[in-house]
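Enquirer: coords please:
(one chain, ligands or ions: 1)
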Amino acid sequence: MRAGRYSRAMIGRLTLSDFRNHADALIVPDAAFVLLTGDNGAGKTNILEAVSLLAPGRGLRGAALSAMARQDGPGGFGIAAEVDGVVLGTGVTPAAPERRQVRIGGVASSANALADHLSIVWLTPAMDRLFLDSPGGRRRFLDRLTLALHPAHAVHSARYEAAMRARNRLIADLRSADPLWLDALEAQMGEHGAALAAARADLVARLNAELARQPDAPFARPLIALGGDGESGEPLGAKLARERRRDAAAGRTLSGPHRDDLAVTHVAKDQSAALCSTGEQKALLLSILLAHAALVAGERGQPPVLLLDEVAAHLDPSRRAALFDRLRASGGQVWMTGTEPGLFSDLKDATRLSVTAGKIFRSAA
Ligand SMILES: Nc1ncnc2c1ncn2[C@@H]1O[C@H](COP(=O)(O)OP(=O)(O)OP(=O)(O)O)[C@@H](O)[C@H]1O
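Expert: Numbering: from 1, shown residues only. Take a look at the predicted model:
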């Protein structure tokens, strides 16, 4: 456990330069809740996206870096945040608009190193269809949660994918493929695939244990299960070797953790999440994220920063009040957006900001 290295993970000061529609913005939160309200298109989600770039990856929209620099700006953008006295900075220069640069405490660093200073968890409207759409989105969600607890997950994932791509190329012409090379690739897939599956299974078990500790009402309690074909007990490497011909006919690898899925059940209703109402699905997702935030807090000794985009508007008043209570109890910093300031009127301990066309103003409670 590395928790001793972490202090209070709160963003004390955030500056944006030429990021999306924000030419020059400064936010100095002085409370656990940071509330961003304003009309559609004002630039609220853009601020959450900027914060999400203080973690490894492409942020909460998964967008291209070149799309983030302000149109009509000089090209390039910068984001800087003070986290417990250390300035985390990221951005791109006009000369290299697709090369993300990271500085930690003024020293050039890697995006992965950001995770040592700040842990960030988000929920956006784009995730509303998570239970309805294809398994790929659920796998990415699962892997994002897994990575927060198993830092090596990204490496196993990259090596597994690389070996699978190489295998897919070879089996496209199975007769002239070198069997020894296929053996080697399948052994790699077996090794990294087993690590992926184990980390995911560990995450799911810990999430379910955490969810069982959380109150059931008024939030829906989910039960999570991993669906996939890893149940047979046969090592993946051997299975892949046996299935070469079938995979060659299909033109791709049909077995392995790249086919896993996440099955979520609404416990009280004994119903799949996909059959639940829109608001119930949102509540299930929030329960999972809050349980995950509790796991991250336990692992790191520090709760993550939560970014909740347009979450309050989807909940009825009792669920909204319960959410605010749970968020306060989580002890972390929470950034929330909404078009209606009235949604947040019950929150006394908040930095209230109104956003209008890329300008940010302090607003009264
Ligand atoms: N690179 C960019 N340069 C300038 N403006 C941009 C850029 N990218 C996006 N925008 C603008 O940012 C605005 C969207 O901002 P954002 O998504 O933060 O809105 P929002 O306040 O969250 O709105 P909603 O309530 O509708 O979700 C749009 O008007 C869009 O044109």
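Enquirer: packing partners for the helix or strand where L203 lies?
Expert: Element membership for L203 (DSSP states H and E) is helix 179-213. Contacts defined by 3 or more C-beta pairs under 8 Å, 6 or more residues apart in numbering; DSSP states H and E place helix 179-213 against helix 135-149, helix 153-171, strand 222-227, helix 236-242, helix 278-300. For the C-beta atoms, the positions are set from N, CA and C on the backbone; glycine is no exception.
Enquirer: make a markdown table from these and add distance to the ligand to it.
Expert: Formatted as a markdown table, these follow (distance: least, C-beta to the nearest ligand atom, whole Å):
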| stretch | distance to the ligand |
| --- | --- |
| helix 135-149 | 20 |
| helix 153-171 | 27 |
| strand 222-227 | 26 |
| helix 236-242 | 41 |
| helix 278-300 | 16 |
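Enquirer: out of these, deepest packed?
Expert: helix 278-300 (a mean of 21; mean count of other C-beta atoms under 10 Å).
Enquirer: shouldn't R175 be within a helix?
Expert: Yes. Assessed by DSSP: H, G, I helix; E, B strand; the rest coil, R175 belongs to a helix.
Enquirer: do you know how far it is from W181?
Expert: 14 Å (C-beta to C-beta, to the nearest Å).
Enquirer: what residue ranges in the stretch 51-200 of the chain score low on pLDDT?
Expert: Of all residues in the stretch 51-200 of the chain, none has pLDDT under 70.
Enquirer: the ligand contacts on that one?
Expert: Proximity of the stretch 51-200 of the chain to the ligand (C-beta under 6 Å from any ligand atom) is limited to residues A67, M68, A69, R70, Q71.
Enquirer: for ChimeraX, what selects the buried ones among these?
Expert: In ChimeraX syntax, the buried subset of these is picked out as below (16 or more other C-beta atoms under 10 Å):
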select :68,69,70
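Enquirer: tell me how many other residues surround H314.
Expert: For H314, the neighbour count with other C-beta atoms under 10 Å is 16.
Enquirer: same check on L26?
Expert: Neighbours of L26 (other C-beta under 10 Å): 11.
Enquirer: that one: helix or strand, and which one exactly?
Expert: With DSSP H and E as the test, L26 turns up in strand 22-27.
Enquirer: what comes up buried for the next helix-or-strand element following that strand?
Expert: As assigned by DSSP H and E, the chain's next helix or strand after strand 22-27 is strand 33-37. For strand 33-37, the neighbour count (16+ other C-beta under 10 Å) marks F33, V34, L35, L36, T37 as buried.
Enquirer: equivalent analysis for stretch 76-94, please.
Expert: Applying 16+ other C-beta under 10 Å to stretch 76-94 flags 76-83, 87-92 as buried.
Enquirer: next, the closest residue to R139 other than its chain neighbours: phi, psi?
Expert: Once flanking residues are discounted, R139 sits nearest to D260: 6.0 Å by C-beta to C-beta, 6 or more residues apart in numbering. Backbone geometry at D260, expressed as degrees, to the nearest 10, gives phi -60, psi 160.
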